[in-house]
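Asker: Sequence first, predicted model second:
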Amino acid sequence: MSRIGRMPIAIPAGVTVEVAENNKVTVKGPKGTLERVFPAEMEIKAEGAEVVVSRPNDLKRMKSFHGLTRSLLHNMVVGVTEGFEKKLEVNGVGYRASKSGKVLTLNLGYSHPVEMTDPEGVETVVEGQNVIIVKGIDKEKVGQFAADIRDKRRPEPYKGKGIKYADETIRRKVGKTGKK
């Protein structure tokens, strides 16, 4: 049986989990509300201070959905209580980030500044000129927007210039050497 799928999800104080028909789950907490429709085959039960996910049979598809459903539910509960954040670093001479209102402006060595607007439910904070923090309650949206920002100028392997995650390591390459 799925080790992750079997584990119950503890519901912290101040969080409510409602399961409607067609497995539409609504999680309300201090930071906001998240909704998601899960596969109809999965059985989601909110019992007291915990949520339990069970599967109807041992088909490969059901086994796959079991762990996934539990993980997504757990991320929803964590999101409405603590929220999620990703830290990005801008490295390179003349590369910098600035924020005005909901618009993030990136100067990345192009002929024009790159402007990005914060999507619904996601907030960006700029610390100094080279650290961007993406925050939100939906793990998927936070991760996607952080990836979109990183895609504007990926880190290159020779000098390490570009936008990278704070916990990412860049595999460096040795540059060309002169001919003898």
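Answerer: Nice, I can see it.
Asker: Quick check: phi and psi on the spatially most central residue of the chain?
Answerer: Centroid check for the chain by C-alpha atoms, centre = their mean gives Gly143 as the closest residue, at 2.9 Å. In terms of degrees, to the nearest 10, the main-chain angles of Gly143 are phi -60, psi -40.
Asker: tell me the contacts of it?
Answerer: Taking C-beta atoms under 8 Å, 6 or more residues apart in numbering, we find Gly143 in contact with Phe84, Lys86. Placement of C-beta: from N, CA and C, glycine included.
Asker: State the distance from it to Val134.
Answerer: Separation of Gly143 from Val134 (C-beta to C-beta, to the nearest Å) stands at 8 Å.
Asker: quick one: common contacting residues for these two?
Answerer: Lys86.
Asker: Show me which residues of the longest strand seen in the chain are buried.
Answerer: Scanning the chain for the longest strand, with DSSP state E as the assignment, gives strand 84-91. Within strand 84-91, the residues that count as buried by 16 or more other C-beta atoms under 10 Å are Phe84, Lys86, Lys87, Leu88, Glu89, Val90, Asn91.
Asker: Isn't the fifth one up against Ile133?
Answerer: The one in question is Glu89. No. In this structure, Glu89 is not within contact of Ile133 by C-beta atoms under 8 Å, at 10.4 Å.
Asker: all helices in this structure, in order from the N-terminus.
Answerer: Counting by DSSP state H, the chain has helices at residues 3-6, 60-81, 139-151.
Asker: Quick check: the gap between the residue nearest to the centre of the chain and Thr124.
Answerer: 13 Å.
Asker: and if you look at Lys135?
Answerer: Distance from Lys135 to Thr124, by C-beta to C-beta: 8 Å.
Asker: which of the two has more neighbours?
Answerer: Using other C-beta atoms under 10 Å as the criterion, Lys135 and Thr124 rank with Thr124 on top: 24 against 18.
Asker: doesn't Pro12 make contact with Val51?
Answerer: No. With contacts counted by C-beta under 8 Å, Val51 stays clear of Pro12, the gap being 11.7 Å.
Asker: any common contacting residues for those two?
Answerer: Joint contacts of Val51 and Pro12 (C-beta under 8 Å, 6+ apart) are Val77.
Asker: Check what contacts stretch 147-158 and list those residues.
Answerer: 88, 91-92, 95, 104, 106, 108-109, 114, 116, 124, 132, 134, 161-165, 168, 170-173, 175.
Asker: Any of those residues buried? List them.
Answerer: Among the contacts of stretch 147-158, those classed as buried by 16+ other C-beta under 10 Å are 88, 91-92, 95, 104, 106, 108, 116, 124, 132, 134, 161-164, 170.
Asker: which one of those sits closest to Pro8?
Answerer: Pro8 lies nearest to Val134 out of the buried ones among the contacts of stretch 147-158, by C-beta to C-beta, at 30.1 Å.
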